[in-house]
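[1] Below is the sequence, then the predicted model.
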Amino acid sequence: MIKQAIIPLAGIGTRLLPLTSVFAKELLPMNGKPGIEYIIEECIDAGIKEIVFIISNKKEMIRSYFYKDKFYKDIIRRKKDPRIKKEYKKILKYRKMIKFVYQNKPLGTGDAVLKTKKYIKDKFFLMLLPDDLIINDNCSKSMIKIHNRYKASVMASMNVNNKTVSRWGIFKLKKKIDKKNFLIDSVVEKPSIKYAPSNKAVIGRYILPKKIFLKLKKQKPGKGGEIHITDSIQSLINENEKFISHNFSGKYLDCGSMDGYIKSSLEISKI
Ligand code: G1P
């Protein structure tokens, strides 16, 4: 059973400047809710009981968002607004599930994952990248089903335009399992068009084995000088660890760029 999820939230969000000069990008509202709420709800609906947030000193705002007790209590006492009361209850519910760890240097997603090591209890855990929203179908839930059936690690996947392969982790597939699921032969972080093994990209949902921490501890910086989770996944594949790519059914929304954020907000407001 997958009961724990981790969410890397330490990124500074340069693609969303100037908003992110004072604001955590994951708290930017999308149709009246912070983007991170959609990710938390996806986790809850998929049966996750505990979420580890990886933040940084600069993203302390995210932690504060969940700890404004006095403020809420005063307002609720004075205003008796049922909507605010409901929102506060929701925040308290989320807070009970969330633990915080810190990644103060932007050394990469792999390094962020390593920070959660002391909290991960089970053999497998879920990771969600908050820039990647998937709507209309719970991708984590489908991935957990696949994991339960094959006892393997799983990554969300989507076919991307050939010209954009250098923006993603890209898979080479080994074997078809069924219409939506494939056994992975290899994965490479942000290859050039020339060296990309396919146009099948990793999207930000991963079911990873706990043993990835052993690889991450030794992981050398890769593309762009960062420690990539992709490189440690490849080390595990080299040792015959089974990884499945799952073509999710929902709609992918990229919230990490300004253009993407604006489009995603419009799209979400239609649900
Ligand atoms: C990360 C991963 C990459 C993956 C992408 C999905 O990249 O390193 O393999 O394809 O998320 O969004 P980032 O978006 O952090 O550059």
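    Yep, that arrived.

[2] Tell me which residue in the stretch 101-250 of the chain sits closest to the ligand.
    residue 169 (2.4 Å; C-beta to the nearest ligand atom). Heads up, the C-betas are built off the backbone N, CA and C, glycines and all.

[3] how far away is that residue from residue 227?
    14 Å (C-beta to C-beta, to the nearest Å).

[4] Those two - which one has more neighbours?
    Higher neighbour count among residue 169 and residue 227: residue 169, with 26 against 19, using other C-beta atoms under 10 Å.

[5] For the closest residue to that one other than its chain neighbours, what is the enclosing helix or strand?
    The shortest distance from residue 169 to any non-neighbouring residue, by C-beta to C-beta, 6 or more residues apart in numbering, is to residue 202 (3.6 Å). Residue 202 belongs to strand 200-209 when assigned by DSSP states H and E.

[6] which other helices and strands contact that strand?
    Packing partners of strand 200-209 (3 or more C-beta pairs under 8 Å, 6 or more residues apart in numbering; DSSP states H and E): strand 124-128, strand 132-135, helix 139-150, strand 153-159, strand 169-176, helix 229-238.

[7] Please produce a markdown table containing the ones you listed, extended by mean pLDDT.
    Listed next are these as a markdown table, based on pLDDT from 0 to 100:
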| stretch | mean pLDDT |
| --- | --- |
| strand 124-128 | 98 |
| strand 132-135 | 95 |
| helix 139-150 | 98 |
| strand 153-159 | 98 |
| strand 169-176 | 96 |
| helix 229-238 | 98 |
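
[8] Please name whichever of those is nearest to residue 244.
    strand 153-159 (4.8 Å; C-beta to C-beta).

[9] what's the offset of that closest one from the middle of its chain?
    For strand 153-159, the separation from the chain centroid amounts to 12 Å (computed by C-alpha atoms, centre = their mean, to the nearest Å).

[10] partners of it in the sheet?
    strand 200-209 (antiparallel), strand 243-247 (parallel) (DSSP bridges).

[11] what's the closest non-adjacent residue to residue 185?
    Nearest one to residue 185, counting by C-beta to C-beta, 6+ apart, is residue 174 at 3.8 Å.

[12] Compute the number of surrounding residues for the one you found.
    Neighbour tally, residue 174, other C-beta under 10 Å: 15.

[13] residue contacts, it?
    182, 183, 184, 185 (C-beta atoms under 8 Å, 6 or more residues apart in numbering).

[14] any chance of those residues in a markdown table, with pLDDT too?
    A markdown table is the format used below for the contacts of residue 174 (pLDDT from 0 to 100):
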| residue | pLDDT |
| --- | --- |
| 182 | 97 |
| 183 | 98 |
| 184 | 98 |
| 185 | 98 |
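
[15] Just the buried residues of those residues.
    182, 183, 184 (16 or more other C-beta atoms under 10 Å).

[16] can you narrow those to ones near the ligand?
    Filtering those for proximity to the ligand by C-beta under 6 Å from any ligand atom leaves nothing.

[17] Give me the subset of these that lies in strands.
    Among these, the ones falling in strands (DSSP state E) are 182, 183, 184.

[18] The residue lying closest to the first one once chain neighbours are set aside - how many residues pack around it?
    What it means is residue 182. In this structure, residue 182 finds its nearest non-sequential neighbour in residue 173, 4.5 Å apart by C-beta to C-beta, 6+ apart. Residue 173 has 15 neighbouring residues, counting by other C-beta under 10 Å.
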